[in-house]
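Trainee: mind looking at a prediction? Sequence and model below.
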Amino acid sequence: MCGRYAQSRNQHELQLAFDLPEETIAEEADPRAWPPLDELPPDYNVAPGKPVYAVLGPPPRGAGGDDEPAGPRHLRTLRWGLVPSWAKDRNVGYRMINARGETVADKPAFRAAFRRRRCLLPADAYYEWQLIGADGRAEAGTSPATDPQHRKRKARSAKKPFAVHYDDREPLALAGIFERWRDPEADENDPAAWLWTCAVITTGAAPELAHIHDRMPVVVPRGDWATWLDPDSGADDLAHVMAGTPVDRFAVDEVSTDVNSIKNNGPGLLAPVPGTEDDGPDTLF
């Protein structure tokens, strides 16, 4: 799963990293048509419910994007935790921060977004936790969706955090989906009535990471960005992208347990634990 990540780049740095075209957003832009863009500070402990940057492709055909080429086109701001368009309460998003790649095309909460509204979520690194038992033995963390004993296992164990990133520190492009929700209690002409949210797509952990956790986010390599963001991409192409996380480029650092609390923030959260960085990050190959 993916429940926390770091993202420190500003808008200009993300535009350069994702080859985004220059764009001017009108002040009177319709919040119902396309997500907003807000200035966000660096965040080294991004948690569910927070606003996050997202890289979007062209809008689906018929929504004003017919003339736009495929690939990264827009930088926008979404709230992490997907709220389906039919939900009665926005707080449901806190339970929908991840969408399993194995079922995202079929689950009612995710399937519409997966078909037409896919995005990339930039990240310096994502965090994952290994479980440490009372006897000091380490075991992989698990997901409540796949492990019936997840809560018991988690309650009786300490948590050792790791940061997973590209070995050259380029930004990760987490595979995401996004959705629009209207607050039924607000007037439709009120900009605050429209909420744009997202979820991170996950898959089974690669063997090189399975000792930390049994799930991992899908990370989209640069060569697949256009396919992922194209609203017209088919199921086979999308399945290929979700199976292509470039784990051979990953490095892993054990980091401080300070990251366990969302109250803590700052670049120090990505620093390797003293004594583990002597030989550099633990590259996977």
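Mentor: Happy to help now that I have it.

Trainee: what ranges of the protein fall below the confidence cut-off?
Mentor: By pLDDT under 70, the low-scoring segments of the chain are 24-28, 61-67, 275-285.

Trainee: those strands in it, which residues are they?
Mentor: 5-7, 43-46, 51-56, 74-80, 98-100, 118-123, 125-132, 138-139, 158-166, 172-182, 194-204, 215-217, 250-254, 282-283 (DSSP state E).

Trainee: elements contacting the fourth one?
Mentor: For strand 74-80, the packing partners by 3 or more C-beta pairs under 8 Å, 6 or more residues apart in numbering; DSSP states H and E come out as helix 11-17, strand 51-56, strand 194-204. The way it works is simple: take the backbone N, C-alpha and C, and place the C-beta from them, glycine included.

Trainee: what's the closest of the strands of the chain to residue 146?
Mentor: With C-beta to C-beta, the closest approach to residue 146 among the strands of the chain belongs to strand 215-217: 7.3 Å.

Trainee: which residue is most remote from the mean position of the chain?
Mentor: For the chain, the largest distance from the centre (C-alpha atoms, centre = their mean) belongs to residue 135, which lies 33.5 Å off.

Trainee: next, that residue: phi, psi?
Mentor: Main-chain torsions, residue 135, degrees, to the nearest 10: phi -90, psi 0.

Trainee: now it: how far from residue 156?
Mentor: The gap separating residue 135 from residue 156 is 11 Å, by C-beta to C-beta, to the nearest Å.

Trainee: what residues do the two have in common as contacts?
Mentor: The contact sets of residue 135 and residue 156 do not overlap (C-beta atoms under 8 Å, 6 or more residues apart in numbering).

Trainee: mean neighbour count added to the helices and strands packed on strand 74-80, as JSON lines?
Mentor: Output for the helices and strands packed on strand 74-80, formatted as JSON lines (neighbours: other C-beta atoms under 10 Å):
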{"stretch": "helix 11-17", "mean neighbour count": "14"}
{"stretch": "strand 51-56", "mean neighbour count": "23"}
{"stretch": "strand 194-204", "mean neighbour count": "23"}
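
Trainee: quick revisit: residue contacts, the residue farthest from the centre of the chain?
Mentor: Contacts for residue 135 (C-beta under 8 Å, 6+ apart) come out as none.

Trainee: gap between it and residue 157?
Mentor: For residue 135 relative to residue 157 (C-beta to C-beta), the value is 10 Å.

Trainee: check residue 38 too.
Mentor: 38 Å.

Trainee: buried ones in stretch 158-166?
Mentor: 160, 161, 162, 163, 164, 165, 166 (16 or more other C-beta atoms under 10 Å).

Trainee: and which of the residues you listed is nearest to residue 142?
Mentor: Among those, and counting by C-beta to C-beta, the member closest to residue 142 is residue 160, at 14.3 Å.

Trainee: now do the same contact list for the residue lying closest to residue 246 once chain neighbours are set aside.
Mentor: Take residue 246 and drop its neighbours on the chain: the residue closest to it by C-beta to C-beta, 6 or more residues apart in numbering is residue 221, 4.7 Å away. Counting by C-beta under 8 Å, 6+ apart, residue 221 touches 173, 244, 245, 246.
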